[in-house]
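*Asks:* heads up, no residue letters with this:
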């Protein structure tokens with residue numbers, strides 16, 4: 001398993017059985033050549049579970065997709081994704097436009113409108129360019145292929161610098177493919193970005209509960225900047241054509257794929273120069289360990305120190321201490337890249353040079369914090385803050 005980044009002479013990546021994908025340039029983005037309208041299709045309506053943002057500000061697709069999933073009883077034939085326009089804060093017309101795209105796509109694929117989900121991501125507050133989207137849908141449907149996984153992964157990108165695609169072959173003969181888009185406006189709040197988890201293995205009786213558990217151990221443990229999008233969505237979709245997976249294998253495999261996607265998003269954070277892995281142990285519960293890790297991962301002081309390759313243990317301990325998890329900082333210890341820089345209430349200045357060298361030379365900075373308050377542990381992922389993060393977001397609409 002791992003990220004699948006094909007070169008020009010690599011074999012195309014195939015989707016799990018029963019899935020096809022395509023993408024076109026519809027003219028939604030300002031870039032005149034970049035793919036910006038994508039499609040995933042199943043061989044017939046297949047079971048899908050979804051989790052959405054908890055934000056009170058909702059993109060039109062969140063409202064419509066919830067309605068459609070309720071109407072179709074969770075069976076979906078196709079997912080259309082536009083990358084460039086969030087269709088959020090666009091009033092009743094935004095909802096009408098979303099439904100119109102789903103209805104037209106359904107007519108092209110010969111299925112029910114409620115079996116088509118149309119997801120949007122991009123700039124908030126702009127109306128969809130419906131003429132361009134509608135004109136592109138026939139070609140989008142005609143271009144469906146089972147080996148178009150990488151094309152779909154690239155088409156859903158916004159400020160991402162790299163596409164995010166992870167695959168895994170299961171021991172029982174099934175296959176998993178995971179896609180994600182996200183680089184900024186990323187923080188745990190049910191979903192945190194777009195994520196698509198596809199498999200040809202039959203899902204268990206409660207796929208939504210499975211997705212919630214996977215999400216909690218993957219995307220919920222990753223943060224870029226503490227902000228969430230009104231369009232955040234993660235789905236788990238199965239054709240079931242490979243039959244049932246061996247007992248106790250599907251959930252760990254889906255979790256591994258989702259965690260790798262979460263790491264890829266953190267590594268591709270806007271302006272990032274370092275992936276940061278935060279391992280918290282000695283916590284009273286796994287949830288408490290996650291809370292400490294996410295608090296450290298969203299601290300601007302910690303993230304800027306990492307960008308400066310400064311093993312500033314004081315900032316890390318201070319962030320952990322405000323997470324709301326009871327522990328005694330005088331009993332905790334902290335290591336950066338294996339070098340202990342703080343132990344039992346006292347700094348270890350003799351190890352700071354080794355910690356600095358780790359931050360200087362390694363792309364993945366590893367922070368390990370033991371808060372000595374229990375036996376639970378968890379791992380979270382984030383990135384550093386650079387001046388480029390400000391530049392990207394200051395110029396986002398201009």
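*Replies:* Done, it's in. The shown structure was predicted, so the numbers you read here are calculated from the model rather than taken from an experiment.
*Asks:* for the stretch 251-398 of the chain, give me the ranges with low pLDDT.
*Replies:* For the stretch 251-398 of the chain, applying pLDDT under 70 flags the ranges 396-398.
*Asks:* what about the helices in it?
*Replies:* Per DSSP state H, counting those that start in this stretch, the stretch 251-398 of the chain carries helices over the ranges 286-297, 300-307, 313-321, 352-361, 387-394.
*Asks:* so in the protein, which strand runs the longest?
*Replies:* strand 37-52 (DSSP state E).
*Asks:* tell me which of the helices of the stretch 251-398 of the chain lies nearest to residue 99.
*Replies:* Proximity to residue 99, assessed across those by Cβ to Cβ, is greatest for helix 387-394 (31.5 Å). C-betas here are computed from N, CA, C, even on glycine.
*Asks:* show me what counts as buried in the closest one.
*Replies:* Across helix 387-394, burial judged by 16 or more other Cβ atoms under 10 Å covers 389, 393.
*Asks:* next, the angle from that helix to helix 300-307.
*Replies:* 130 degrees (axes from the mean of the first three to the mean of the last three Cα atoms, to 10 degrees).
*Asks:* which residues does helix 387-394 contact?
*Replies:* 159, 184, 225, 269-272 (Cβ atoms under 8 Å, 6 or more residues apart in numbering).
*Asks:* one more time with 10 Å
*Replies:* 159, 183-185, 224-225, 227, 269-273, 303-304, 307, 383, 386 (Cβ atoms under 10 Å, 6 or more residues apart in numbering).
*Asks:* okay, domains of the protein per the record?
*Replies:* 2-267, 275-394 (automatic domain parsing).
*Asks:* gap between stretch 130-145 and the chain center?
*Replies:* When distances are taken as Cα atoms, centre = their mean, to the nearest Å, stretch 130-145 is centred 25 Å away from the chain's centroid.
*Asks:* ok, residue 194 - contacts?
*Replies:* Residue 194 sits next to 79, 81, 83, 119-121, 156-158, 164, 179-182, 229, 231-235 when contact means Cβ under 10 Å, 6+ apart.
*Asks:* so which of the residues you listed sit within strands?
*Replies:* Those of these mapping onto strands are 79, 81, 83, 119-121, 164, 179-181, 233-235, per DSSP E.
*Asks:* whichever of those residues end up buried, select them in PyMOL.
*Replies:* PyMOL command restricting those to the buried ones, with burial defined by 16+ other Cβ under 10 Å:
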select buried, resi 79+81+83+119+120+121+164+179+180+181+233+234+235
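*Asks:* which of the ones in strands among the contacts of residue 194 sit farthest apart?
*Replies:* Once Cβ to Cβ is applied, these give 120 and 164 as the farthest pair, at 18.3 Å.
*Asks:* just to revisit the earlier point, and the helices of the stretch 251-398 of the chain, which is most packed in?
*Replies:* Of those, the one with the most neighbours on average (mean count of other Cβ atoms under 10 Å) is helix 286-297, at a mean of 23.
*Asks:* so what does it touch, helix or strand wise?
*Replies:* On a contact count with 3 or more Cβ pairs under 10 Å, 6 or more residues apart in numbering; DSSP states H and E, helix 286-297 meets helix 207-216, strand 275-283, helix 300-307, helix 313-321, strand 364-370, strand 376-383.
*Asks:* any chance of these in a markdown table, with distance to residue 262 too?
*Replies:* Listed next are the helices and strands packed on helix 286-297 as a markdown table, based on distance: least, Cβ to Cβ, whole Å:
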| stretch | distance to residue 262 |
| --- | --- |
| helix 207-216 | 10 |
| strand 275-283 | 11 |
| helix 300-307 | 17 |
| helix 313-321 | 20 |
| strand 364-370 | 14 |
| strand 376-383 | 6 |
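*Asks:* residue 72 is nearest to which of those?
*Replies:* Per Cβ to Cβ, nearest to residue 72 of the helices and strands packed on helix 286-297: helix 207-216, 13.8 Å.
*Asks:* identify the residues contacting the closest one?
*Replies:* Contacts of helix 207-216 (Cβ under 10 Å, 6+ apart): 47-51, 69, 74, 188, 190-192, 195, 197, 203-204, 206, 220-221, 234-238, 250-259, 262, 286-287, 290.
*Asks:* now the residues you listed: which count as buried?
*Replies:* Neighbour-count burial (16+ other Cβ under 10 Å) applied to these gives 47-51, 69, 74, 188, 190-192, 195, 197, 203, 220-221, 234-238, 250, 253-259, 262, 286, 290.
*Asks:* show me what contacts residue 259?
*Replies:* 166, 178, 214, 217-219, 221-222, 379, 381.
*Asks:* and the residues you listed, which is closest to residue 95?
*Replies:* Checking these one by one against residue 95 (Cβ to Cβ), the nearest turns out to be residue 219, at 26.2 Å.
*Asks:* contact partners for the closest one?
*Replies:* Contacts of residue 219 (Cβ under 10 Å, 6+ apart): 51, 180, 182, 186, 188-193, 195, 232, 234, 258-259, 261-262, 265, 381.
*Asks:* likewise for residue 168?
*Replies:* Per Cβ under 10 Å, 6+ apart, neighbours of residue 168: 1-2, 174-178, 199, 253-254, 256-257, 260.
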